[in-house]
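A.B. asks: 3D model of this:
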Amino acid sequence: MNQSYKFVAIDADGTLLDINRNITQRNKTAIQKATALGVKIVLCSGRSYHSLRFFADELGLKTKGNYVIAFNGGMILNAHTNAVLYETKIEQTLAKEIVTAAKPFSPAAATLVYRDMSHLIINPGIPNADLYLESSRANPIYAEDINSEITGDVQKVLIAGHTADLQAPAAFLTKQFTGRCNMMFSGPYLFECNELHTTKSSGIQTLCQMLGISMSETIAIGDNFNDVSMIQAAGLGVCMANGEAEVKAKADYVTANDCNNSGVAEVLEKFILQ
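C.D. replies: Residues are numbered from 1 along each chain as shown. Below you'll find the model as predicted:
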C-alpha cells in the first residue's frame, strides 16, 4: 500500500459511473480493496445524497466511518446514519431571482430546483426536466410556477438541456449573478448554481478537517468543470481520459482509461494498491 494517500474523492457521472450509469466490477473491486486498507473513499458529486446513497450502498460505503459529499460540496453526510454534518444553501430570495432570470430560456433550457436533499421542484411535461428527474432519482414537486414552491433556502438551482441550448442562459446567468452564487457546467447537459462559496474543494477540505486528514494526503478524481476546484486542491488531482480538455490541463495525472473502462480503478491500483 502507498501510505501517502488516506482519502480519495471520486466524482460520479463521467468518472465512477460508465455511460450507462453503472459501476464496473474492476472499479468496485479496487474501491473495496482500498477501503479494506483504511483509505477513506468518498463520493463527491453534484448529485443529491438521495441519488448518491444507492451507489454508496452498491460499493459497501454505507457502513460506519463512511461519508458522502453531495451538491458540489454543499452537503456532507454520514453515509452510515444519513446525518447531515455540514451544508450550504442558496438564500430564498436569490434562488427566486435566478429562476426568474432563467425563465425566458425555457423549455429548451429547463429550470429545476433542489428544495432539500431529495425533493426537486420541476415544471411538468418538459422533456429535458423529465430526463434529469429520471437519472437523479429525486422526489418531484411539480409546479407550473417553480417560485411558488420555493418556501425557504434551497440546495441548488440547475438548468438542464442540450449543450447548444445552455450557452445563452449560462452566459446570461453568469453575467447577472457572478459574485452572488457559484456557477459552472457539470456536464454537457447541466449548468448549476450553488451557494457562492460552495465548491467540491470546500466540501473536501471541510470533511478532511473533521477527520484530521491533510489535503496533501488526498486524491481527487473527476472529469468536468465542477471538478476543477478539488483537482487543484488535492494532493493528487486526477482527470479522466474522457474529461474536458481544460480540466485535463489542471490535473496532475490523466488516466489512460475512460469511465467506461475503469479509470477510477486505474488510479487506485497505481497510487494506492501497488
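
A.B. asks: Let me see the domain layout of the protein.
C.D. replies: 7-87+198-273, 92-195 (automatic domain parsing).

A.B. asks: Would you work out how far apart the start and end of the longest one are?
C.D. replies: Domain 7-87+198-273 stretches 13 Å from its first residue to its last (Cα to Cα, to the nearest Å).

A.B. asks: next one: stretch 151-163
C.D. replies: Terminal residues of stretch 151-163 lie 30 Å apart, using Cα to Cα.

A.B. asks: So which bits of that stretch are buried?
C.D. replies: Neighbour-count burial for stretch 151-163 flags Asp153, Val154, Gln155, Lys156, Val157, Leu158, Ile159, Ala160, Gly161 (criterion: 16 or more other Cβ atoms under 10 Å). C-betas here are computed from N, CA, C, even on glycine.

A.B. asks: Out of those, flag the one nearest to Asn139.
C.D. replies: Asn139 lies nearest to Gln155 out of those, by Cβ to Cβ, at 13.0 Å.

A.B. asks: now the nearest residue to that closest one once chain neighbours are set aside: how far from Cys259?
C.D. replies: Of all residues not flanking Gln155 in the chain, Tyr114 sits nearest, at 3.9 Å (Cβ to Cβ, 6 or more residues apart in numbering). Relative to Cys259, Tyr114 is positioned 24 Å away (criterion: Cβ to Cβ, to the nearest Å).

A.B. asks: which regions of the stretch 1-150 of the chain lie under the pLDDT threshold?
C.D. replies: 1-2 (pLDDT under 70).

A.B. asks: do that again at 90, thanks
C.D. replies: By pLDDT under 90, the low-scoring segments of the stretch 1-150 of the chain are 1-3, 135, 137.

A.B. asks: Cys208: what secondary structure?
C.D. replies: helix (DSSP: H, G, I helix; E, B strand; the rest coil).

A.B. asks: Near it, how many other residues are there?
C.D. replies: Number of residues near Cys208 (other Cβ atoms under 10 Å) recorded here: 22.

A.B. asks: Tell me the confidence at it?
C.D. replies: For Cys208, the pLDDT comes out at 98.

A.B. asks: quick one: it and Thr218, what's the gap?
C.D. replies: Applying Cβ to Cβ to Cys208 and Thr218 gives a distance of 6 Å.

A.B. asks: and if you look at Val99?
C.D. replies: Relative to Thr218, Val99 is positioned 35 Å away (Cβ to Cβ).

A.B. asks: swap in Glu192?
C.D. replies: 23 Å.

A.B. asks: again with Tyr49
C.D. replies: From Tyr49 to Thr218 the distance is 21 Å (Cβ to Cβ).

A.B. asks: who has more neighbours, these two?
C.D. replies: Using other Cβ under 10 Å, the more surrounded residue of Tyr49 and Thr218 is Thr218, with 25 against 22.

A.B. asks: didn't the more buried one look like it was pressed against Gly237?
C.D. replies: No: counting by Cβ atoms under 8 Å, Thr218 sits too far from Gly237 to count as a contact (9.2 Å).

A.B. asks: all strands in the stretch 1-150 of the chain, in order from the N-terminus.
C.D. replies: Under the criterion DSSP state E, counting those that start in this stretch, the stretch 1-150 of the chain contains strands at 7-10, 40-44, 67-70, 75-78, 84-87, 110-114, 119-122, 139-142.

A.B. asks: partner residues bridging Asn194?
C.D. replies: Judged by DSSP bridges, the bridge partners of Asn194 are Asn182.

A.B. asks: Only C-alpha atoms, please: export stretch 244-262 in PDB.
C.D. replies: Extracted C-alpha coordinates of stretch 244-262, given in PDB (Å, rounded to 0.1, in the frame of the first residue of the first chain):
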ATOM      1  CA  GLU A 244     -12.800  18.100 -20.700                       C
ATOM      2  CA  ALA A 245      -9.500  19.300 -22.200                       C
ATOM      3  CA  GLU A 246      -9.500  22.400 -19.800                       C
ATOM      4  CA  VAL A 247      -9.800  20.000 -16.800                       C
ATOM      5  CA  LYS A 248      -7.000  17.700 -18.000                       C
ATOM      6  CA  ALA A 249      -4.800  20.800 -18.200                       C
ATOM      7  CA  LYS A 250      -5.400  21.400 -14.400                       C
ATOM      8  CA  ALA A 251      -4.700  17.800 -13.400                       C
ATOM      9  CA  ASP A 252      -1.500  16.200 -12.100                       C
ATOM     10  CA  TYR A 253      -2.400  12.900 -13.800                       C
ATOM     11  CA  VAL A 254      -4.800  12.000 -16.600                       C
ATOM     12  CA  THR A 255      -6.000   8.400 -16.800                       C
ATOM     13  CA  ALA A 256      -5.300   6.100 -19.700                       C
ATOM     14  CA  ASN A 257      -8.700   4.500 -19.300                       C
ATOM     15  CA  ASP A 258     -12.000   6.400 -19.500                       C
ATOM     16  CA  CYS A 259     -15.100   6.000 -17.400                       C
ATOM     17  CA  ASN A 260     -16.300   3.000 -19.400                       C
ATOM     18  CA  ASN A 261     -13.000   1.200 -18.800                       C
ATOM     19  CA  SER A 262     -12.500   1.600 -15.100                       C
END
